[in-house]
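Trainee: my questions concern the predicted model and sequence given below.
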Amino acid sequence: TMADRLNAPRANLGWMCQRVLRILNGKLPITLVTVQNQDALLVRPVFGKEFKNEGVTYLERYRCVPVGKEVADINPATTMELYGSLLRGAFEARPEVIAVDLDGLPLELLCFAVEGIVVALMEPHDFKTDGRAYHGPKKIEILKSIVDSESPQMVSELFAKGIERGRYRNLQRFLGHLDPAVLNPESYRNLVYRLVHGEYDVEVMEPNDYKSLGLLHAVARGSQYDGYVLAFRVDPASGPTSEVAIRIGKGMTYDSGGVMDKGDHMPGMKLDMMGSAAVLSAGLYFLAHPQELGQSTVYVLCLAENRDGSTAYVPDEILVSCKGLTVENTHPDAEGRLVLADGMAWICELFAEGEELDIVSILTIATLTGAAWMALSTPYSALFQKGDKQDELGKLRAMGDDCADPVWPLPMSHPHYGQQMKSQVADLRNTGKEKPGGACQAAAFLAQFLPDDYKGEFLHLDIAGSVDIDMEGTPSTAKGLPQDAGVAFLIALDRKKMV
């Protein structure tokens with residue numbers, strides 16, 4: 001019954017774990033073939049400036065997407081979008097078999113075409129009572145001979161790479177799609193333990209005394225659920241390294257805005273945990289592929305729920321952070337930076353007390369500010385780097401383009417942004433004194449919680465705009481599902497040891 005379908009996920013951690021493992025390991029109906037199935041609906045893009053019209057057209061048995069570009073102009077991100085749109089468009093005909101013609105596509109973009117198809121295949125967990133008559137094709141055949149018949153091994157490798165990367169993008173999207181009655185801080189914590197410790201026998205670390213994390217504790221006070229900080233370490237296949245990177249994700253499973261609620265802006269705030277989902281997805285990727293990891297990396301998830309219960313934190317409160325800095329709460333809806341600050345201070349303190357390790361890179365990722373979304377809209381995640389080093393930012397931006405997870409640099413190191421976060425009654429305030437530059441101010445706030453003697457790189461990725469796509473969907477994805485952001489960037493970052 002529908003009641004069973006709705007209640008089972010809430011009562012059964014196994015349901016979530018099963019779905020995650022199916023996304024990561026389940027068989028997909030995508031194969032490489034050399035001969036076209038004559039019963040298949042054949043789809044292909046048509047490149048060239050002669051196609052001026054918009055939308056989708058039909059040409060005999062071909063479904064053609066006129067992109068108005070020469071093939072040399074397309075890049076990894078547009079390749080993913082193009083082939084995802086092809087697949088979703090073909091669904092309208094409800095075929096059992098779809099053949100994808102990659103004629104004209106450069107071999108190096110094959111991976112991204114496959115990745116786009118995997119992302120487009122994902123359907124929402126459907127609670128509609130009328131069900132769906134069409135559940136997608138039984139087979140998707142990619143014509144290998146058309147791509148490059150002279151490089152069969154490379155074709156197979158790129159095909160497998162696209163499948164795998166698409167799976168981990170979909171993991172982040174699945175977690176974001178879960179409603180807050182299913183994914184709350186407690187069930188999320190249990191899921192992390194089940195996946196990381198249960199599947200890979202890797203230790204999950206937590207603080208011994210959560211009361212010392214005063215910022216996290218304050219944010220979670222208005223909810224029936226406690227807040228949590230979870231961390232797990234992944235080492236390269238060759239063994240642990242003395243240099244360690246730290247990746248920290250914001251995991252607000254729901255953000256009502258607290259006592260200063262968001263009102264009409266509240267729908268969609270289940271996505272406020274997408275930063276933590278990106279961190280978890282990247283960490284699980286390297287647990288499965290440790291041979292690709294460049295250095296030992298610690299993945300940290302800061303989990304909480306911002307509600308307006310009777311014990312919720314309120315404006316004017318002075319909060320004491322894990323680092324010892326005091327923070328004036330000027331707005332309860334600026335909670336994400338608070339949980340990230342305590343998570344960062346705790347994990348750095350933990351490693352300072354333990355092994356002789358050199359933390360060389362810290363990155364925070366979060367759906368943090370509407371200001372980042374206002375500045376960049378949806379195509380880019382906002383990237384901040386302490387020091388605003390243009391050469392490094394240029395390399396990171398190029399890396400984002402190369403992995404189809406685009407970022408755009410914004411400044412954070414000008415003294416003005418830090419001054420905006422100074423309080424008259426505490427060390428800091430959690431919102432700036434003025435509204436302009438809110439994303440830059442938030443990044444500057446986070447930098448205050450780095451270790452005092454820290455000499456490594458600090459990056460912050462604000463994905464508020466890049467995941468906040470219209471929930472009616474895009475041409476390349478199913479309606480009702482969020483877009484992924486940050487997963488491919490984190491995987492590329494830690495594989496290449498850029499910082």
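Mentor: Nice, I can see it.

Trainee: what ranges of the stretch 151-300 of the chain fall below the confidence cut-off?
Mentor: Low-confidence segments of the stretch 151-300 of the chain (pLDDT under 70): none present.

Trainee: just the helices in it please.
Mentor: 152-177, 185-192, 199-200, 214-220, 274-288 (DSSP state H, counting those that start in this stretch).

Trainee: output stretch 272-292 as CSV, nothing but the C-alphas.
Mentor: Provided in CSV are the C-alpha atoms of stretch 272-292 (Å, rounded to 0.1, in the frame of the first residue of the first chain):
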residue,chain,number,x,y,z
ASP,A,272,20.8,22.1,2.4
MET,A,273,22.8,18.9,3.0
MET,A,274,24.2,18.7,-0.6
GLY,A,275,27.7,19.7,0.5
SER,A,276,27.9,16.8,2.9
ALA,A,277,26.5,14.5,0.2
ALA,A,278,29.3,15.6,-2.1
VAL,A,279,31.9,14.9,0.6
LEU,A,280,30.4,11.4,1.3
SER,A,281,30.2,10.6,-2.4
ALA,A,282,33.8,11.6,-3.0
GLY,A,283,34.9,9.7,0.1
LEU,A,284,33.1,6.5,-1.0
TYR,A,285,34.5,6.9,-4.5
PHE,A,286,38.1,6.7,-3.1
LEU,A,287,37.2,3.9,-0.7
ALA,A,288,36.2,2.0,-3.8
HIS,A,289,39.2,3.3,-5.9
PRO,A,290,42.1,3.9,-3.5
GLN,A,291,44.6,3.5,-6.3
GLU,A,292,43.4,6.8,-7.7
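
Trainee: buried stuff in that stretch?
Mentor: Buried positions in stretch 272-292, judged by neighbour count with 16 or more other Cβ atoms under 10 Å: 272-288. All C-beta atoms are positioned from the backbone trio N, CA, C, and that covers glycine.

Trainee: with adjacent residues omitted, what lies nearest to Ala218?
Mentor: If you skip the residues right next to it in sequence, Ala218 has Tyr313 as its closest partner in space, 4.2 Å away by Cβ to Cβ, 6 or more residues apart in numbering.

Trainee: likewise for Leu183?
Mentor: Thr253 (5.3 Å).

Trainee: that neighbour contacts Arg307, doesn't it?
Mentor: No - using Cβ atoms under 8 Å as the test, Thr253 is too far from Arg307 to be in contact (10.3 Å).

Trainee: let me have the helices of the stretch 151-300 of the chain in JSON lines, adding distance to Gly136 as columns.
Mentor: As requested, the helices of the stretch 151-300 of the chain are exported to JSON lines (distance: least, Cβ to Cβ, whole Å):
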{"stretch": "helix 152-177", "distance to Gly136": "14"}
{"stretch": "helix 185-192", "distance to Gly136": "26"}
{"stretch": "helix 199-200", "distance to Gly136": "27"}
{"stretch": "helix 214-220", "distance to Gly136": "39"}
{"stretch": "helix 274-288", "distance to Gly136": "22"}
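
Trainee: looking at these, which is nearest to Cys348?
Mentor: helix 214-220 (14.6 Å; Cβ to Cβ).

Trainee: what helices or strands is the closest one leaning on?
Mentor: strand 296-306, strand 318-320, helix 336-353 (3 or more Cβ pairs under 8 Å, 6 or more residues apart in numbering; DSSP states H and E).

Trainee: pick the most deeply packed of the ones you listed.
Mentor: strand 296-306 (a mean of 28; mean count of other Cβ atoms under 10 Å).

Trainee: list the neighbouring strands of that one plus their orientation.
Mentor: Looking at strand 296-306 with DSSP bridges, its partner strands are strand 228-234 (antiparallel), strand 243-255 (parallel).

Trainee: what angle do that strand and helix 274-288 make?
Mentor: 150 degrees (axes from the mean of the first three to the mean of the last three Cα atoms, to 10 degrees).

Trainee: what's the burial count for Ala160?
Mentor: Look at Ala160: counted by other Cβ atoms under 10 Å, it has 13 neighbours.

Trainee: ok, it to Asn37 distance?
Mentor: 21 Å (Cβ to Cβ, to the nearest Å).

Trainee: do the same with Thr31
Mentor: Thr31 is 10 Å from Asn37, where distance means Cβ to Cβ.

Trainee: what's the overlap in contacts for these two?
Mentor: Counting by Cβ atoms under 8 Å, 6 or more residues apart in numbering, the residues touching both Thr31 and Asn37 are 139, 141.

Trainee: which of the two has more residues huddled nearby?
Mentor: Per other Cβ under 10 Å, whichever of Thr31 and Asn37 has more neighbours is Asn37, with 15 against 11.

Trainee: ramachandran coordinates for that one?
Mentor: Here the main-chain torsion angles of Asn37 (degrees, to the nearest 10) amount to phi -70, psi 120.

Trainee: which ones are touching it?
Mentor: Counting by Cβ under 8 Å, 6+ apart, Asn37 touches 97, 99, 139, 141.

Trainee: go on, Leu230?
Mentor: So Leu230 contacts 189, 192-193, 204-206, 300-301, 303 (Cβ under 8 Å, 6+ apart).

Trainee: can you list the residues you listed in TSV and add distance to Tyr417?
Mentor: Formatted as TSV, the contacts of Leu230 follow (distance: Cβ to Cβ, whole Å):
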residue	distance to Tyr417
Arg189	33
Val192	33
Tyr193	37
Val204	35
Met205	32
Glu206	32
Val300	24
Leu301	26
Leu303	27
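
Trainee: please list all residues in contact with the residue nearest the centre of the chain.
Mentor: Geometric centre of the chain, nearest residue: Ala278, 3.4 Å, by Cα atoms, centre = their mean. The contact partners of Ala278, by Cβ under 8 Å, 6+ apart, come to 172, 249, 365, 463, 484-487, 490.

Trainee: again, only using 6 Å
Mentor: For Ala278, the contact set (Cβ atoms under 6 Å, 6 or more residues apart in numbering) comprises 172, 249, 365, 486-487.

Trainee: tell me the one of the residues you listed nearest Pro379?
Mentor: Of those, the one sitting nearest to Pro379 (Cβ to Cβ) turns out to be Gly486, at 14.0 Å.

Trainee: any idea how far Met269 is from the closest one?
Mentor: 18 Å.

Trainee: looking at these two, which is more packed in?
Mentor: Legend: neighbour count by other Cβ under 10 Å for Gly486 and Met269, higher for Gly486 (32 against 19).

Trainee: and that one, how far is that from His460?
Mentor: Separation of Gly486 from His460 (Cβ to Cβ) stands at 11 Å.

Trainee: what do you get for Met252?
Mentor: Met252 sits 16 Å away from His460, going by Cβ to Cβ.

Trainee: repeat that for Gln295.
Mentor: From Gln295 across to His460, the span is 20 Å (Cβ to Cβ).

Trainee: which one's more surrounded, these two?
Mentor: Applying other Cβ under 10 Å to Gln295 and His460 shows that His460 carries more neighbours, namely 28 against 17.

Trainee: elements contacting whatever helix or strand the more buried one lives in?
Mentor: Per DSSP states H and E: His460 is located in strand 457-462. For strand 457-462, the packing partners by 3 or more Cβ pairs under 6 Å, 6 or more residues apart in numbering; DSSP states H and E come out as strand 358-366, strand 381-385, helix 438-447.

Trainee: in TSV: the ones you listed, plus mean pLDDT.
Mentor: Converted to TSV, those look like this (pLDDT from 0 to 100):
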stretch	mean pLDDT
strand 358-366	95
strand 381-385	96
helix 438-447	97
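
Trainee: between the ones you listed, which one is nearest to Gly14?
Mentor: Per Cβ to Cβ, nearest to Gly14 of those: strand 358-366, 28.3 Å.

Trainee: check which helices and strands whichever helix or strand comes after the closest one sits against.
Mentor: Later in the chain than strand 358-366, the nearest helix or strand by DSSP H and E is helix 370-376. Helix 370-376 sits against helix 438-447, helix 464-467, with contacts defined as 3+ Cβ pairs under 6 Å, 6+ apart.
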